[in-house]
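Enquirer: sequence and predicted structure, then a few things I'm wondering about:
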Amino acid sequence: MMACDSAHSAGDYNHKMFTNDDSNHIDGLTTGIKFNKRYQYYFDHPIDGDQEALLVEHVNNLSKEQVVQQIQDIKALPYIAKVFERRLFLFQYWNSQKNLVEFNADFQLPSDLYADKASYMNQCFGQVRTHRQIIRDLYNMVLELQKHSIAAASSNLLDDISLNQLKAKMSALQPGFQETCELLGEPKQQLVWNSSTCW
């Protein structure tokens, strides 16, 4: 019974942390209808997809003015700060469910949607793998963004407004990025140094 209560408590906590509007905005920053193919998972095949190629194509088709406009647009800033938070929560939630169903003999299915314990176990394993892959992709994308941002700042390719807005976005990612590094077994690092005049 405690395992079942734990499942419901985690679900309730998710709703308290993120409104539906929050979730839609956060997910829109990292996945979209066009890019969801990467995160389709199959239990007997590795995750695969062409998200990177689609992103490169999208960015390469932007004009310089459109790029600057995207950099200076800070409407998404409140949601950027929650990108890693939401993804880490979803990974941790499904990982805890996987451990409960795998190691707790008294585990009760959280709903009537699952025919048996085995089907729910498959769901848990798939969700854990999917969310870990999304977190890994986010980690790689943020480091890539940091690399290009430092290069642009060092070469004076960004005006002061664009540089400050970009630094604000990267700073918003910092708290969740540290936890992400720990989860992935990567060394912790700073995404931005606010005391630096360059980056």
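Expert: Here it is on my side, so go on.
Enquirer: every contact and neighbour count from this point should use C-alpha atoms.
Expert: Will do.
Enquirer: residues of the helix or strand containing residue 165 that come out buried?
Expert: Secondary structure from DSSP states H and E places residue 165 in helix 160-184. Buried residues in helix 160-184, counted by 16 or more other C-alpha atoms under 10 Å: 162-174, 176-181.
Enquirer: and the contacts of that helix?
Expert: Helix 160-184 is contacted from outside by 68, 71-74, 77, 80-85, 88, 135-136, 139, 146, 149, 153, 187-192, 194, 199, using C-alpha atoms under 8 Å, 6 or more residues apart in numbering.
Enquirer: now it: mean pLDDT?
Expert: Taken as a whole, helix 160-184 has a mean pLDDT of 90.
Enquirer: repeat that for stretch 72-89.
Expert: Mean predicted lDDT for stretch 72-89 stands at 85.
Enquirer: element containing residue 88?
Expert: Using DSSP H and E, residue 88 falls in helix 83-103.
Enquirer: what is the subsequent helix or strand relative to that helix?
Expert: Following helix 83-103 toward the C-terminus (DSSP H and E): helix 117-154.
Enquirer: which helices and strands sit right next to that following helix?
Expert: Applying 3 or more C-alpha pairs under 8 Å, 6 or more residues apart in numbering; DSSP states H and E, one finds that helix 117-154 contacts helix 83-103, helix 160-184.
Enquirer: tell me the angle of the shortest one relative to helix 117-154?
Expert: In other words, helix 83-103. Between helix 83-103 and helix 117-154, the angle comes out at 160 degrees (axes from the mean of the first three to the mean of the last three C-alpha atoms, to 10 degrees).
Enquirer: buried residues, helix 83-103. List them.
Expert: In helix 83-103, counting by 16+ other C-alpha under 10 Å, buried: 83-98, 100-101.
Enquirer: show me what that helix is packed against.
Expert: Under the contact criterion of 3+ C-alpha pairs under 8 Å, 6+ apart, helix 83-103 touches helix 2-17, helix 20-30, helix 117-154, helix 160-184.
Enquirer: right, I'll call it a day here.
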